[in-house]
Structure formats: structure tokens, C-alpha cells
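**Student:** Whatever this is, show me its structure:
(chains A and B)
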Amino acid sequence: ETGVTQSPTHLIKTRGQQVTLRCSSQSGHNTVSWYQQALGQGPQFIFQYYREEENGRGNFPPRFSGLQFPNYSSELNVNALELDDSALYLCASSPGTGSSYEQYFGPGTRLTVT
Amino acid sequence: AQSVTQLDSQVPVFEEAPVELRCNYSSSVSVYLFWYVQYPNQGLQLLLKYLSGSTLVKGINGFEAEFNKSQTSFHLRKPSVHISDTAEYFCAVLVQGAQKLVFGQGTRLTINP
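**Tutor:** Residues are numbered from 1 along each chain as shown, chains lettered A, B, ... in the order given. You can find the predicted model right below:
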């Protein structure tokens, strides 16, 4: 059984640029959630995708957007990057929207904005 | 809205000593409770969870936690820690039927030989 994978591992971008982060869910999981973890903080919920539709969103501006594909993999896109977007971005997959208590996390993508 | 407070940002202990990491939460509705561990430069690994039933929950790596509804607490304990337990520990809640985990700020556990 393959766990949750994320790419890239690390990324450095310049303020104002756009970035795309990728996540492959665990086998059999159709729901993906994204979290932002700033340095020294707990993760903060960005949004969740279920069957290619957004299924809940946290307190993040619209320049944070996402996609989910038919194979349940997902992308997180961030436009107009700001310095405060520097963080570890975590993806978590779960078997279904009613099973959000079974979230399995990937290793994360470390984004640095300069 | 739900919130989670981890009462200690850092906890230093000696190897083979017992440890307790404290977590309190606030919610007006029923929640599920979790403890996650994060090793340096890694993602989150689930240690244990409370969904229902017995208030004493046993997890991986010898950890256990006790749910106390009246105190709205979910403290994590281990009777004897090892150097390999050095990590960041996060308490989290999930409103039943909702999507998002709400995390505390984390507690850094440092084990000294």
C-alpha cells in the first residue's frame, strides 16, 4: 500500500510568483485535504477536495486554489506569493468525506518565498 | 469555533523518565481528538485517536492518552521515554461530520540522556 506522496520536497520562489504543489493520495482514498504549517506553528486547514469538488475551506484568501483529478491526486496553487506564504504545506488523504478522522499525512513540501 | 491549547511549548525530560504533554480544547459540539507526532523535517504521523468508548486510548510507541470531558482535556502520557521520542507533538480536534482538523501550537519534547 502506497502512502501519501508530495512533490516537490523543497521549493524556493520569489514574491509575486505563482507555485503549484502536488499530492498523490493513499490508495483507496478519494478525499484530499491541504494544510499550511508556518514555522513553529500547528498546521492550519486550507481546504478539502472530494470527488474533484472543493468540500470545505479554511480562512485563506482566493489566491490559494486547488484541483483534484479523477485519480484523486490533487494540486495546490498559490498566486501572487507573499513572504508569509513561506511554510511547510501538508497534504492528507482520507477514505471519504465522512471519514475525515482517518487523515493520513504526506511528508510535506517546504516552500520558501524570498 | 473550536480551539486547542497545548499548555507547554517545550518539555525537557531525562531518558526513561515519564512524561505528560497537556492538551485542552474548546468546543460547543462533540469532537474527535487526536495526537500527532512530527519528527524533524517530516510530515505528521498519527499517534492515537479518541472517537468514542473507553476514555483511555492506547497508541503507537507506548503512548496513551485520557479523554476527560468535564475538564475538556486530552493529555498524552508515556511511562518511560526514549531518545527516539524527541519530536514535536500536536494535539488536534475534529468536529464530528466536519472536514478540518484544528491543531494546537505543538509541544517540543526533548529527551536528555
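**Student:** who in chain A is up against chain B?
**Tutor:** A:4, A:6, A:33, A:35, A:40-45, A:48, A:55-56, A:58, A:90, A:92, A:97-98, A:100-101, A:103-108 (Cβ under 8 Å from any Cβ of the partner chain). C-beta here means a position set from N, CA and C on the backbone, and glycine is covered the same way.
**Student:** center of chain B - which residue?
**Tutor:** Nearest to the geometric centre of chain B sits residue B:35, at 3.5 Å (Cα atoms, centre = their mean).
**Student:** residue contacts, that residue?
**Tutor:** For residue B:35, the contacting residues are B:21, B:23, B:46-49, B:59, B:63, B:65, B:74, B:76, B:89-92, by Cβ atoms under 8 Å, 6 or more residues apart in numbering or on different chains.
**Student:** Restricted to strands, list those.
**Tutor:** If you go by DSSP state E, those have B:21, B:23, B:46-49, B:65, B:74, B:76, B:89-92 in strands.
**Student:** got the residues of chain B near chain A?
**Tutor:** Proximity of chain B to chain A (Cβ under 8 Å from any Cβ) is limited to residues B:4, B:32, B:34, B:36, B:42-46, B:49, B:51, B:90, B:92, B:94, B:97-106.
**Student:** quick one on the thing from earlier: tell me the one of the contacts of residue B:35 nearest chain A?
**Tutor:** Checking those against chain A with Cβ to the nearest Cβ, the nearest one is residue B:90 at 5.4 Å.
**Student:** Now the closest one: closest residue in space, sequence neighbours ignored.
**Tutor:** With sequence-adjacent residues excluded and distances taken as Cβ to Cβ, 6 or more residues apart in numbering or on different chains, residue B:90 is closest to residue B:36, at 4.6 Å.
**Student:** which stretch of helix or strand covers the one you found?
**Tutor:** Residue B:36 belongs to strand B:31-38 when assigned by DSSP states H and E.
**Student:** So what are the sheet partners of that strand and their directions?
**Tutor:** If you go by DSSP bridges, strand B:31-38 pairs up with strand B:45-50 (antiparallel), strand B:87-95 (antiparallel).
**Student:** Now the element after the longest one, going C-ward?
**Tutor:** The first helix or strand that comes after strand B:87-95 along the chain, using DSSP H and E, is strand B:101-103.
**Student:** what does that next one rub up against?
**Tutor:** Strand B:101-103 is contacted by residues A:33, A:35, A:42-45, A:92, A:100, A:103, B:2-4, B:34, B:36, B:90-94 when judged by Cβ under 8 Å, 6+ apart.
**Student:** Not counting sequence-adjacent ones, nearest residue to the residue positioned nearest the centre of chain A?
**Tutor:** Centroid-nearest residue in chain A, with Cα atoms, centre = their mean: residue A:34, separated by 3.2 Å. The shortest distance from residue A:34 to any non-neighbouring residue, by Cβ to Cβ, 6+ apart, is to residue A:46 (4.3 Å).
**Student:** Go ahead and confirm the one you found touches residue A:59.
**Tutor:** No. Using Cβ atoms under 8 Å, residue A:46 makes no contact with residue A:59, being 9.1 Å away.
**Student:** Of those two, which one has the most company?
**Tutor:** Higher neighbour count among residue A:46 and residue A:59: residue A:46, with 23 against 7, using other Cβ atoms under 10 Å in any protein chain shown.
**Student:** Now the helix or strand containing the more buried one: average pLDDT?
**Tutor:** Using DSSP H and E, residue A:46 maps to strand A:44-50. Rounded to a whole number, the mean pLDDT of strand A:44-50 is 94.
**Student:** Nothing else from me, thank you.
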